[in-house]
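J.: Sequence plus the predicted model coming up.
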Amino acid sequence: MEKTDVDEVQKVGFSLDGNALLCSHHRGIVSQLDVQTGETLCFNWFKKDLYGAKDLVESPYDEYLVIDPVERDIRITDRRLKHVATVKRKSFAVLDYAFSPEFMCISESGGPVTCYHVETGKEVWELSFPDGVHALDVGYNEDSKHFLAISWPYEKGGPFTLLAIARHNGNIVTETRLPDAVDIGFVNRGTQLVLTTGEIICTTKGEQLGALDDSNQPGKYPYRAPEHAS
């Protein structure tokens, strides 16, 4: 299926249920298209204040979308793209978003991790870092009910650190230095972290659960328990 009668597209992404394609367009238009037919399900035109919208992020817990325009205020809308609230950015670029019921966390380049109430856009708390450090990734652990952040000293380089953060007040609950890796990713509802080096980390306790092992079957990565496991 090809759809050509749309304005120039900046960013596309599937909705969480896979039934719609979320599109941001260069003139400030944001639309949802039916995946099967290409039919426009809804759209909104935010005019000049959202020209260059570069990202659309959908909350898995509430009926909200976050729209991230280039170097402009971040917008929260409902699923029909009706404006709900505005969030003032604290640096020139957002690095990552994470949602929990009621709240969303934003990590910004060279800036803090900030938690907002998703229905109002009101700031709940801010977690600042030393100069030269920011959070590359944020997530949410559905078991512990904590937000997660991966901090990194971007100016001098160094190890990643996993932070578990209380979602109501921003207090750091646990802090775990991670093995050296090129990249990382949260999996299993935020309860585990997988590193490119193969380690699987429990985000609740900060302990290694096992590893991905491709020594026998390259590309298949069978699970390997850690050596200290009984």
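T.: Noted; the coordinates are in hand.
J.: OK, contacts around L65?
T.: Applying CB atoms under 8 Å, 6 or more residues apart in numbering, we find L65 in contact with L22, L56, V57, E58, S59, I76, T77, D78, R79, L81. Placement of C-beta: from N, CA and C, glycine included.
J.: Would you mind measuring from it to Q208?
T.: Using CB to CB, to the nearest Å, L65 is found at 36 Å from Q208.
J.: Could you pull up the contacting residues of the residue nearest to the spatial centre of the chain?
T.: Per CA atoms, centre = their mean, the C-alpha nearest to the average position across the chain is that of Y97, at 3.2 Å. Residues in contact with Y97 (CB under 8 Å, 6+ apart) are V57, V66, D68, M104, C105, I106, S107, V138.
J.: low pLDDT regions in this structure?
T.: 1-16, 18, 22, 24-32, 35, 41-54, 70-71, 214-230 (pLDDT under 70).
J.: could you redo the last one with a cut-off of 90?
T.: 1-58, 60, 62-73, 75, 77-83, 92, 179-183, 197, 206, 212-230 (pLDDT under 90).
J.: Show me how it divides into domains.
T.: If you go by automatic domain parsing, the domain ranges for the chain are 1-88, 90-230.
J.: how far out from the middle of the chain is the longest one?
T.: In terms of CA atoms, centre = their mean, to the nearest Å, the centre of domain 90-230 is found 10 Å from the chain centre.
J.: what's near enough to touch K145?
T.: Taking CB under 8 Å, 6+ apart, we find K145 in contact with S100, R167.
J.: whoops, E175 was the one
T.: Counted by CB under 8 Å, 6+ apart, E175 has contacts T161, L162, L163, A164, G206.
J.: Greatest separation within these: which pair is it?
T.: T161 and A164 (10.9 Å; CB to CB).
J.: So these two - more neighbours on which side?
T.: Of the pair T161 and A164, A164 is the one with more neighbours under other CB atoms under 10 Å, namely 21 against 17.
J.: Just to check, the more buried one is in contact with K205?
T.: No - counting by CB atoms under 8 Å, A164 does not reach K205; the two are 9.2 Å apart.
J.: so what sits against both of these two?
T.: Counting by CB under 8 Å, 6+ apart, the shared contacts of A164 and K205 are T174.
J.: where's the nearest residue to L148 once chain neighbours are set aside, which helix or strand?
T.: The shortest distance from L148 to any non-neighbouring residue, by CB to CB, 6 or more residues apart in numbering, is to G139 (4.1 Å). In this assignment (DSSP states H and E), G139 forms part of strand 134-141.
J.: Give me the sheet partners of that strand and which way each runs.
T.: Strand 134-141 has its sheet partners listed here by DSSP bridges as strand 146-152 (antiparallel).
J.: The helix or strand that comes right after the partner strand vs strand 146-152, what angle?
T.: Downstream of strand 146-152, the first helix or strand assigned by DSSP H and E is strand 161-166. Here strand 161-166 runs at an angle of 150 degrees relative to strand 146-152 (axes from the mean of the first three to the mean of the last three CA atoms, to 10 degrees).
J.: And the next helix or strand past strand 161-166?
T.: In N-to-C order, the element after strand 161-166 by DSSP H and E is strand 172-177.
J.: Report all helices and strands that the next helix or strand after that following strand contacts.
T.: Next along the chain after strand 172-177, taking DSSP H and E as the criterion, comes strand 184-187. Here strand 184-187 touches strand 134-141, strand 192-195, going by 3 or more CB pairs under 8 Å, 6 or more residues apart in numbering; DSSP states H and E.
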